[in-house]
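**Student:** I'd like to go over a predicted model; first the sequence, then the structure.
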Amino acid sequence: MPPLYLPVMDLELRHLRIVRAVADAGSVSKAASTLGLAQPALTAQLKRIERVLGGALFERDRHGARPTRLGELVLARARVLLPAAKELQDEAVRFAHAHAPTPGYRIGATNGPILGGLVDRLAAERPVSTYTSWSSHELTSMVELGRLDYVLTGACGDSGTPSGSLAWDTISLDPVFCLVAETHPAAKEKEVELSDLADEQWAVTPGDGCFDDCFAMACARAGFTPGTIYETDVPTCTHLAQVGRAVVLCQATHQPAQGLVMVPLAGAPLRWRQLLGRHPTAADATWVVTQAKEAHRDAVSRSPTYSDWLTRNPTYGTAP
């Protein structure tokens, strides 16, 4: 899962795209729609960009967003750098494809339940190489630059499709469940209200989407502010849940480790979309999308908890 707090960052081209989008749209809300982000997530990203650059980039009021003098400076540079970067990207992709070795599938992925199944299916036809990262932005950029053919990632259920030059397909819409120790009171329940976990500590794996904002808003709707949040790797999240130190948020297709129980959250206050992005020149796109969906169906079939939940909530699961 994506993190609930983000580390200090360096300025990247995607940040310049955000600044340009806000300036072109004239408001953060319109830019969020264009970029396929939730408005709170874009607002949070813009604040982080402003911290990196040392000051406010826009004056915002009920009439919209107007660049400050610093914003005008950044925009002037962005309007030169972004087209130049795109031209370099296109030229590099053409060169890479012209000098490519034996064709295969190059796939990048964040934490997710279906990469193994997808690789197994694709490798029966062609060689497959993989690259994993907690950053969906990094993986998307690698596909845009032609270093990967596909990216398997996710986004909050209410966010839009990522922007950019990639083509995107929705593989599934899944609820977010929680992992608790077998001795936790919630382990005996068929589902648990998010509000019943108000006093818990939480553990999550890193990411750079809007899940942190979505989780915070879900907790606010449930009437509380989440307590201590441990952002760490999967084994540490598992250990913290096993010893009762934290509740772990997980995708519904997750396979719980020994000593853990996966429990649905009542009303699905958090949702997660599995997405497959591809470079415009990626081979066998329709077939690869089909294999990704089949890998997701397989993952669902291995999860009795999720399969049972789907019988009561048929609008979720693998995309048609």
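**Tutor:** That came through fine.
**Student:** Look at the residue located most distally from the centre of the chain and report its pLDDT.
**Tutor:** Ranked by distance from the centre of the chain (C-alpha atoms, centre = their mean), the top residue is Arg69, with 33.2 Å. pLDDT recorded at Arg69 is 94.
**Student:** Tell me the helix or strand right after the biggest helix by length in the chain.
**Tutor:** For the chain, the longest helix by residue count, based on DSSP state H, is helix 69-98. Per DSSP states H and E, the first helix or strand lying C-terminal to helix 69-98 is strand 105-109.
**Student:** any idea of the angle whichever helix or strand comes after that following strand forms with strand 105-109?
**Tutor:** Next helix or strand after strand 105-109 toward the C-terminus (DSSP H and E): helix 115-123. Angle between the axes of helix 115-123 and strand 105-109 is 170 degrees (criterion: axes from the mean of the first three to the mean of the last three C-alpha atoms, to 10 degrees).
**Student:** next structured bit after helix 115-123?
**Tutor:** strand 128-132.
**Student:** Just give me how far that following strand sits from the chain centre.
**Tutor:** Chain-centre distance of strand 128-132: 18 Å, with C-alpha atoms, centre = their mean, to the nearest Å.
**Student:** since we're on the residue lying closest to Val289 once chain neighbours are set aside, how many residues are nearby?
**Tutor:** Using C-beta to C-beta, 6 or more residues apart in numbering and skipping residues adjacent in sequence, the residue nearest Val289 is Asp169, 4.8 Å away. Yep, even glycine has a C-beta here, placed from its N, CA and C like the rest. Neighbourhood size, Asp169 [other C-beta atoms under 10 Å]: 19.
**Student:** Likewise for the one 4 residues further on?
**Tutor:** Other residues lying near Leu173 total 16 when counted by other C-beta under 10 Å.
**Student:** swap in Thr183?
**Tutor:** Around Thr183 there are 12 residues (other C-beta under 10 Å).
**Student:** Over to it. Which of the three states is it?
**Tutor:** coil (DSSP: H, G, I helix; E, B strand; the rest coil).
**Student:** distance of it from Val204?
**Tutor:** 22 Å (C-beta to C-beta, to the nearest Å).
**Student:** got it, and Ala41?
**Tutor:** Applying C-beta to C-beta, the value for Ala41 to Val204 is 16 Å.
**Student:** OK, contacts around the closest residue to Arg79 other than its chain neighbours?
**Tutor:** Of all residues not flanking Arg79 in the chain, Arg20 sits nearest, at 6.9 Å (C-beta to C-beta, 6+ apart). The neighbours of Arg20, taking C-beta atoms under 8 Å, 6 or more residues apart in numbering as the test, are 75, 78-79, 82.
**Student:** which of those residues are buried?
**Tutor:** Taking 16 or more other C-beta atoms under 10 Å as the criterion, what is buried in the contacts of Arg20 is 75, 78, 82.
**Student:** Only the buried residues of stretch 13-30, if you could.
**Tutor:** 13-23, 25, 27-28, 30.
**Student:** meant to ask about stretch 298-313, not that
**Tutor:** Those would be 298-300, 303, 305-306, 309-310, for stretch 298-313 by 16+ other C-beta under 10 Å.
**Student:** Dump these to TSV, plus pLDDT, distance to Ala283 and secondary structure.
**Tutor:** Output for the buried residues of stretch 298-313, formatted as TSV (pLDDT from 0 to 100; distance: C-beta to C-beta, whole Å; DSSP: H, G, I helix; E, B strand; the rest coil):
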residue	pLDDT	distance to Ala283	secondary structure
Asp298	96	23	helix
Ala299	95	24	helix
Val300	96	27	helix
Ser303	94	31	coil
Thr305	96	36	helix
Tyr306	96	32	helix
Trp309	97	36	helix
Leu310	97	32	helix
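**Student:** Which two of these have the greatest separation?
**Tutor:** Largest separation among the buried residues of stretch 298-313 by C-beta to C-beta: Asp298 and Trp309, giving 16.9 Å.
**Student:** got the contact list for the nearest residue in space to Ile107 that is not next to it in sequence?
**Tutor:** Among residues not flanking Ile107 along the chain, Tyr150 sits closest, at 4.8 Å (C-beta to C-beta, 6+ apart). Residues in contact with Tyr150 (C-beta under 8 Å, 6+ apart) are 105-108, 143, 276-279, 282, 288.
**Student:** Out of those, which comes closest to Val248?
**Tutor:** Once C-beta to C-beta is applied, the member of the contacts of Tyr150 that ends up nearest Val248 is Gly108, at 23.9 Å.
**Student:** Read off the pLDDT value for the closest one.
**Tutor:** For Gly108, pLDDT reads 95.
**Student:** quick one: which of the contacts of Arg20 is nearest to Thr228?
**Tutor:** Closest to Thr228, out of all of the contacts of Arg20 and judged by C-beta to C-beta, is Ala78, at 38.1 Å.
**Student:** I'd guessed the closest one sits against Ile18; true?
**Tutor:** No: in this structure, Ala78 is not within contact of Ile18 by C-beta atoms under 8 Å, at 9.5 Å.
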